[in-house]
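1. turn this into a structure:
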Amino acid sequence: MSSLDSSLFERWTAAKLSASAVRAPPRSWAAFWNTSRSIYVNACHKDAHYRLIAQEIMGYLPSPAARVLDYGSGEALHADLVAGAAGQVLLCEAAPLVRAGIAARFADNPKIRPVAPEDVAQLPQQSLDLIVLHSVAQYLMPDESRALFALFHRLLNTAGVLVVSDVMAPDSRATTDAWALLRFGAANGFLAAAFAGLVRMRFSNYWRLRTRLGLTCYGEAAMIKELAAAGFSARRVLRNVGHNKARMTFVARPR
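-> This is a model prediction of the structure:
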């Protein structure tokens, strides 16, 4: 092989390795959420999702001066709605890329602040009025959820509220989630995109990671027991936060 051929071969090999690294799926849920991924079928879906979550969080605000923590908030596109009805909103995200996006989006809103999990751990005792853990429990191991519940018990004041929502039951089916998305798409003008998005999702990194790592599910009694062990009195409410009404929401208060 000539020196020129050797050089070309080396560059080709490097390019292939680089492309392979880009295509390689993340090895954990934390790594997945810190990529430029999207689980939304289009911009309309994304906007409708975050608007609905914000509107339903507002229904749990205990007062106009409430200090709120949305733990695992995602991009929280409409957190300004919550902030407009509350005293302060802390948006906690482990993914630096997501936190940076939050900081840029709400740079002019003094009532909204992005925080990392380590920042939350340093908050003063009983300094929060409402904590929301939406669609997060399924991505955590049980011991991770227990540690969070213990932390939340320390951070909530005696009249505070913890909302654990979008909890998946052990008998949850992917087909149920699919139908929920299609109904949401039909109601919000992205039904065709929802069909196409479900097909794409089946071949996505998200699906491969879900298949490999699985999701953590809880029965109603099991979640209430976990919250009780952390010092909460909890109950399941009839309506789940978000569009998927097959999933569960629990409201817990410090005992």
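2. going forward, measure contacts and count neighbours with C-alpha atoms only.
-> OK.
3. where does pLDDT dip in this structure?
-> Of all residues in the chain, those with pLDDT under 70 make up the ranges 1-38, 205-208, 210-213.
4. let me see the ranges of the strands in it.
-> Using DSSP state E, the strands of the chain run over 67-71, 88-92, 112-115, 128-134, 156-167, 232-237, 248-254.
5. in CSV, list these along with distance to Arg202 and mean neighbour count.
-> Output for the strands of the chain, formatted as CSV (distance: least, C-alpha to C-alpha, whole Å; neighbours: other C-alpha atoms under 10 Å):
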stretch, distance to Arg202, mean neighbour count
strand 67-71, 27, 24
strand 88-92, 29, 23
strand 112-115, 32, 21
strand 128-134, 23, 24
strand 156-167, 21, 22
strand 232-237, 31, 18
strand 248-254, 24, 22
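6. and the ones you listed as a markdown table, adding distance to Cys44?
-> Listed next are the strands of the chain as a markdown table, based on distance: least, C-alpha to C-alpha, whole Å:
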| stretch | distance to Cys44 |
| --- | --- |
| strand 67-71 | 22 |
| strand 88-92 | 22 |
| strand 112-115 | 23 |
| strand 128-134 | 20 |
| strand 156-167 | 21 |
| strand 232-237 | 28 |
| strand 248-254 | 25 |
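7. between those, which gets nearest to Val82?
-> Val82 lies closest, by C-alpha to C-alpha, to one member of the strands of the chain: strand 88-92, at 7.3 Å.
8. mind saving the C-alpha coords of that closest one as PDB?
-> Extracted in PDB, the C-alpha atoms of strand 88-92 (Å, rounded to 0.1, in the frame of the first residue of the first chain):
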ATOM      1  CA  GLN A  88     -40.600  30.900  42.300                       C
ATOM      2  CA  VAL A  89     -40.100  27.900  40.100                       C
ATOM      3  CA  LEU A  90     -37.000  25.800  40.300                       C
ATOM      4  CA  LEU A  91     -36.500  23.500  37.200                       C
ATOM      5  CA  CYS A  92     -34.200  20.600  38.100                       C
END
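9. got the angle for that strand vs strand 67-71?
-> Our comparison of strand 88-92 with strand 67-71, counting by axes from the mean of the first three to the mean of the last three C-alpha atoms, to 10 degrees, yields an angle of 20 degrees.
10. what's in contact with strand 88-92?
-> Among residues not part of strand 88-92, those counted as contacts by C-alpha atoms under 8 Å, 6 or more residues apart in numbering are 65-73, 76, 79, 82-83, 99, 111-117, 120.
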